[in-house]
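J.: Fold the stuff below for me.
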Amino acid sequence: MSHTPRVLFVCVENACRSQMAAGFARMHGTDRIEAFSAGSKPANAVNPRAVSFMGERGCDISAQIPKPLSAFADQAFDWVVTMGCGDACPWLPARHREDWALPDPKSLSDEQFRAVRDEIERRVQRLLSDLGASSPEAAS
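T.: Model prediction:
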């Protein structure tokens, strides 16, 4: 039986970028991936615009709660993907690490926020393809 890849997406507040990435990973990877998200300085809630704009793509992240990196301190991951948190992202054990230099969309216009969301979706789909965990529909 093959191993289900575990991926942790990390940004500063765990309110926008990493929540969107984990949401897309769960949506496109379904049961072929375990996706988690965390923040180096988690916010109190997921950004309402992230929830709304993810809903436009058919992905519901409304029940998600920002989590600290410490919640995953004793876990191992196949991939840790950081998103613009720089030195604020402490080291977590992972077989692969990647940094996606994406702007924090919370202060951007709606159009720019959606552009960041769409870029996150593209990168998640590429990561899932690399992991062999993408859904058949995502490949088209």
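J.: three-state assignment of Ile65?
T.: coil (DSSP: H, G, I helix; E, B strand; the rest coil).
J.: and the gap between it and Met83?
T.: Separation of Ile65 from Met83 (CB to CB, to the nearest Å): 18 Å. Every residue, glycine included, has its C-beta placed from N, CA and C.
J.: Check Ala76 too.
T.: Distance of Ala76 to Met83, computed by CB to CB: 20 Å.
J.: Those two: who's more crowded?
T.: Higher neighbour count among Ala76 and Met83: Met83, with 26 against 12, using other CB atoms under 10 Å.
J.: so who does the residue nearest the centre of the chain touch?
T.: Centroid-nearest residue in the chain, with CA atoms, centre = their mean: Ala21, separated by 2.6 Å. Ala21 sits next to 9, 35, 37, 81, 83, 100, 120, 123-124 when contact means CB atoms under 8 Å, 6 or more residues apart in numbering.
J.: and those, which of them are in helices?
T.: Among the contacts of Ala21, the members found in helices (DSSP state H) are 120, 123-124.
J.: Got phi/psi on Asn117?
T.: In this structure residue 117 is Arg, not Asn. Here is the backbone geometry of Arg117 (degrees, to the nearest 10): phi -60, psi -50.
J.: Quick check, it in contact with Gln19.
T.: No. Taking CB atoms under 8 Å as the definition, Arg117 is not a contact partner of Gln19, at 10.6 Å.
J.: So which of those two has more stuff around it?
T.: A side-by-side neighbour count of Arg117 and Gln19, using other CB under 10 Å, places Gln19 first with 28 against 25.
J.: partner strands of the lowest-mean-pLDDT helix or strand in the chain, parallel or antiparallel?
T.: Every helix and strand in the chain was compared by mean pLDDT, DSSP states H and E; the lowest is strand 94-99, with a mean of 87. If you go by DSSP bridges, strand 94-99 pairs up with strand 77-82 (parallel).
J.: just the helices in this structure please.
T.: 17-29, 48-55, 110-131.
J.: Perfect, I'm done here.
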